[in-house]
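Novice: One predicted model, sequence on top.
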Amino acid sequence: MRNLSWFGKLIFVINSLFATILLLSYLQPYISPILFPQFSILSLAVPGLIIINLLFLIYWLIKLKRQFFLSTIVLIIGFQFLNSFYRISEKKVLLNDDLKIMSYNVRLFNIYKWKKEGKEETVKLVSDFIYEKDPDVICFQEFLSAYNVDFNYKYKFIKKNPNKSISYFGQAIYSKYKIINEGSLNFKSNANNAIFVDIIKDKDTIRVYNVHLESQKLKLNEENFGEKDSEKLLIRFQNNFKQQAQQAEQLVEHESNCKYKTIICGDFNNTAFSWVYHKIKGTKNDAFVEAGKGFGKSYDFYLPARIDFILADKEFEINNFKTYDINYSDHFPIMARLGTKKQL
């Protein structure tokens, strides 16, 4: 610090603050939001904290100052977080027998015209996209269940929201493979839920979960970030994180009674740095981490937010993962190609 100017010292103090916050955020997977919901808010900030610390690292390197060690050490300590944040190369193993599974929050096919296209045009765009990519199984969140929205799949399970005021939407799973069982976990939340199907592929039975955890309901263009409103926003976040934790525990308990191999898809409304992600993931493999490329950004936000996931049991070999940059919703569709290890 002695060799720094007053401006350099100020920069290093700010650097130290952001490095400390990032270091503390590494504890999130081990602290349940039910016990400490305030701490869970950091999970949404981790992508930004990583980028900020990388910028500080570059700044000190350009200045040829040893202060670059601070952010370097903190980033190295959180290497597993960086592994979930950015992938350098994509795995491309494309086998004919792969199970191609997609997850897509379609935001009600734009019935409220968040974008310029109407419902019919958006449905057509999504339908054409699905026809082109040809997934074997699709998990839809925020699916428009009360309207004539359909795709050319032999099997499907659509679960409307039980709340009558919003029963026009829910979740859906479409499959080329026969569905022999289906069900719903019926979260207590008014708008969110998890559903599942058991499908038969060749002689194998596979359970697919379609999860939509509690939403943060953050509208950046409409939120008032004054003192009182910011306090209300923090309280809302805390309550939402608690609900997410309860939903994650309900899902994990339900899955523990399943005798089949499982795949969990969906919109977690939280990042890969959160407690709920690690709770649901357990020993599963994250398809993006295993076979993706880049940031894997799945939500249309300023930062590279990855809140949509495909998690597969270790019996599956994850051969490929893609995030598709199409602007038909506020989420981007993701798709993984899964094989079985015994076939490889």
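Specialist: Yes, it's here. Numbering: from 1, shown residues only.
Novice: Ile199 in helix, strand or coil?
Specialist: Reducing the assignment at Ile199 to three states with DSSP: H, G, I helix; E, B strand; the rest coil gives strand.
Novice: same question, the one 10 residues further on
Specialist: Tyr209 carries the three-state label strand when classified by three-state DSSP.
Novice: What residues does it make contact with?
Specialist: Tyr209 makes contacts with 194-196, 251, 255, 262-266, as judged by Cβ atoms under 8 Å, 6 or more residues apart in numbering. Any C-beta I mention is one placed from the backbone N, CA and C, and that applies to glycine too.
Novice: Could I get those in JSON lines, plus columns for pLDDT and neighbour count?
Specialist: Putting those into JSON lines (pLDDT from 0 to 100; neighbours: other Cβ atoms under 10 Å) gives the following:
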{"residue": "Ala194", "pLDDT": "97", "neighbour count": "26"}
{"residue": "Ile195", "pLDDT": "97", "neighbour count": "24"}
{"residue": "Phe196", "pLDDT": "98", "neighbour count": "25"}
{"residue": "Leu251", "pLDDT": "98", "neighbour count": "22"}
{"residue": "Glu255", "pLDDT": "98", "neighbour count": "20"}
{"residue": "Thr262", "pLDDT": "98", "neighbour count": "19"}
{"residue": "Ile263", "pLDDT": "98", "neighbour count": "26"}
{"residue": "Ile264", "pLDDT": "98", "neighbour count": "26"}
{"residue": "Cys265", "pLDDT": "98", "neighbour count": "27"}
{"residue": "Gly266", "pLDDT": "97", "neighbour count": "27"}
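Novice: Keep only those of these that are in helices.
Specialist: Among those, the members falling in helices (DSSP state H) are 251, 255.
Novice: what does the lowest-mean-pLDDT helix or strand in the chain rub up against?
Specialist: Of the helices and strands making up the chain, the lowest-confidence element is helix 79-85, at a mean of 81, by mean pLDDT, DSSP states H and E. Residues from elsewhere that reach helix 79-85, judged by Cβ under 8 Å, 6+ apart: 26, 46-47, 50, 75, 272-273, 286, 288-289, 295, 304, 306.
Novice: If we use 10 Å, what do you get?
Specialist: By Cβ atoms under 10 Å, 6 or more residues apart in numbering, the list of residues contacting helix 79-85 from outside reads 22, 25-26, 28-29, 46-47, 49-51, 54, 75-76, 78, 271-273, 277, 281, 286, 288-289, 295-296, 304, 306.
Novice: Equivalent analysis for stretch 183-193, please.
Specialist: Applying Cβ under 10 Å, 6+ apart, the set of residues contacting stretch 183-193 is 141-142, 157, 159-163, 165-166, 169-171, 194-198, 207, 209-215, 217, 240, 243-244, 246-247, 250-251, 253-255, 266-267, 269.
Novice: Now do that stretch: distance to the chain's middle.
Specialist: Here the centre of stretch 183-193 is set off from its chain's centre by 18 Å, with Cα atoms, centre = their mean, to the nearest Å.
Novice: What ranges does this protein have for its helices?
Specialist: Under the criterion DSSP H, the chain carries helices at the ranges 6-25, 37-40, 42-62, 68-77, 79-85, 119-133, 227-256, 275-281, 287-291.
Novice: Could you pull up the mean pLDDT of the first one?
Specialist: Yep, that's helix 6-25 we're talking about. Model confidence over helix 6-25, given as mean pLDDT, is 94.
Novice: got TSV for the contacts of Tyr209, with distance to Glu120 too?
Specialist: Output for the contacts of Tyr209, formatted as TSV (distance: Cβ to Cβ, whole Å):
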residue	distance to Glu120
Ala194	29
Ile195	26
Phe196	30
Leu251	34
Glu255	37
Thr262	36
Ile263	32
Ile264	32
Cys265	26
Gly266	26
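Novice: In strands only, show me the contacts of Tyr209.
Specialist: Among those, the subset assigned to strands under DSSP state E consists of 194-196, 262-266.
Novice: Need the pLDDT of the closest residue to Asp202 other than its chain neighbours.
Specialist: Once its chain neighbours are removed from consideration, Asp202 has its nearest residue in Asp97; the separation is 8.0 Å (Cβ to Cβ, 6 or more residues apart in numbering). As summarised for this prediction, Asp97 has a pLDDT of 93.
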